[in-house]
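S.K.: predicted coordinates and the sequence they were generated for:
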Amino acid sequence: MIKDLVRKNRSYRGYDESRKITEDELKDLVDTARVAGSAANLQPLKYRLVCSEAEVAKLNGITRWGKMLKDIELPHKGKFPTAYIVICVDTDIARVPENANTDIGIAAQTILLAAVEQGLGGCMIGNYEKTQAAEALALPERFVPQLIVAIGKPDETVVLTDTGEDGSVKYYRDANDVHYVPKRKLEDILL
Ligand SMILES: Cc1cc2nc3c(=O)[nH]c(=O)nc-3n(C[C@H](O)[C@H](O)[C@H](O)COP(=O)(O)O)c2cc1C
């Protein structure tokens, strides 16, 4: 089952905007991630929940999506996520935000798997200006927004493929906007 969940948990860049996400739903996702592993059990992560239309619009405006697809603007108009969880590092706990990056990865994946289990989905977003995100959400300086996780009801098709002969890992879309994600084969990653 976990294998199915992980396969279903793709980076979605198109959402059903009519499906709003409540603060309680976001809280529950964070509550799942709250008990995940943390280096030295420091737990330096703090979470800013974003589900109001005004704040979602701000983050929609500063997050950059699918940059490898140069000619396609993503998300398409009318297909933006309806919530975000901004994973922040509390620099009173971890002075160097990058030191918490492994914790952040674990937390983000846990959040996304929990979302997928509930019929939702998301996308990790690292491509944004931290200063812009902090300003948009009026975050106190102590909290560094290190990774943004978009959440919503996916409204697009994402297909996993094996990498081909050329070994390219570049994701691509076909004429029907189906998104393909090449993954390296098992035999190619075992040392
Ligand atoms: C740490 C991290 C940061 C990412 N940042 C972005 C981003 O800024 N914008 C984006 O569109 N996708 C982002 N992604 C999603 C990746 O592009 C995606 O994981 C990759 O294309 C493989 O697709 P998959 O997640 O469906 O397997 C990020 C993923 C990770 C793990």
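M.R.: Received the coordinates, thanks.
S.K.: please save the CA atoms from the top strand by length along the chain in CSV.
M.R.: For the chain, the strand with the greatest residue count under DSSP state E is strand 143-152. Taking C-alpha atoms only, strand 143-152 is exported to CSV below (Å, rounded to 0.1, in the frame of the first residue of the first chain):
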residue,chain,number,x,y,z
PHE,A,143,11.3,31.9,11.0
VAL,A,144,12.9,31.2,7.7
PRO,A,145,10.5,29.8,5.0
GLN,A,146,12.8,27.1,3.7
LEU,A,147,10.3,25.0,1.6
ILE,A,148,6.7,25.7,0.4
VAL,A,149,4.3,22.8,0.0
ALA,A,150,1.3,23.5,-2.3
ILE,A,151,-1.9,21.5,-1.4
GLY,A,152,-5.1,21.0,-3.4
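S.K.: any idea how far that strand is from the chain center?
M.R.: In this view, strand 143-152 has its centroid 7 Å away from the chain centroid, taken as C-alpha atoms, centre = their mean, to the nearest Å.
S.K.: tell me which other helices or strands that strand touches.
M.R.: strand 45-50, strand 83-90, helix 101-117, strand 121-125, helix 130-136 (3 or more C-beta pairs under 8 Å, 6 or more residues apart in numbering; DSSP states H and E). From N, CA and C alone the C-beta is placed, and that goes for glycine too.
S.K.: need those in TSV with mean neighbour count, mean pLDDT and distance to residue 149, can you?
M.R.: Compiled in TSV, the helices and strands packed on strand 143-152 are given as follows (neighbours: other C-beta atoms under 10 Å; pLDDT from 0 to 100; distance: least, C-beta to C-beta, whole Å):
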stretch	mean neighbour count	mean pLDDT	distance to residue 149
strand 45-50	22	99	9
strand 83-90	25	99	5
helix 101-117	20	98	5
strand 121-125	23	98	5
helix 130-136	17	98	12
